[in-house]
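Enquirer: model this:
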Amino acid sequence: MSWIFLLFAGLLEIVWAVAMKQSAGFTRLWPTAIMGVSMIGSFGLLALAMRTLPLGTAYVIWTGIGAVGAFMVGIMFLGEAITPFRILAAVLIVSGLVVMKIS
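Expert: Numbers count the residues shown, from 1 in each chain. Alright, predicted model coming up:
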């Protein structure tokens, strides 16, 4: 169950990161509210996952899901650049997540 909590915590991290971008420096109400709620949910689920998962594993997986997910949202929906080095960086992050899960 901890891995499921961690997965959803990571997905909510993507939501709050995107909502923070859309909030325009906390000047737009709804993106700011979505950011706050999803941030609380993400931290709460991360805390539940950390009851049984090691700190390092849980934190690395959580931040990795958020980083790669935000990267993908930026490219697919926000028009951010796709460059070979950015793709390489994302592949390296995912590779690290896989190695962390295996270990």
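
Enquirer: how about residue 58, what does it touch?
Expert: When contacts are counted by C-beta atoms under 8 Å, 6 or more residues apart in numbering, residue 58 is found next to 2, 6, 46, 49-50. Heads up, the C-betas are built off the backbone N, CA and C, glycines and all.

Enquirer: state the distance from the residue positioned nearest the centre of the chain to residue 27.
Expert: Centroid-nearest residue in the chain: residue 66, 1.4 Å away (criterion: C-alpha atoms, centre = their mean). With distances taken as C-beta to C-beta, to the nearest Å, residue 66 is found 23 Å from residue 27.

Enquirer: next: residue 55.
Expert: Residue 55 sits 35 Å away from residue 27, taking C-beta to C-beta as the criterion.

Enquirer: list the buried residues in stretch 3-10.
Expert: The neighbour-count check on stretch 3-10 (16 or more other C-beta atoms under 10 Å) flags 5-6, 8-10 as buried.

Enquirer: ignore the last one, stretch 18-30
Expert: 18-20, 23.

Enquirer: quick one, longest helix in this protein?
Expert: Longest helix in the chain, counting residues (DSSP state H): helix 55-77.

Enquirer: just the ones of the contacts of residue 58 in strands?
Expert: Among these, no member is found in strands (DSSP state E).
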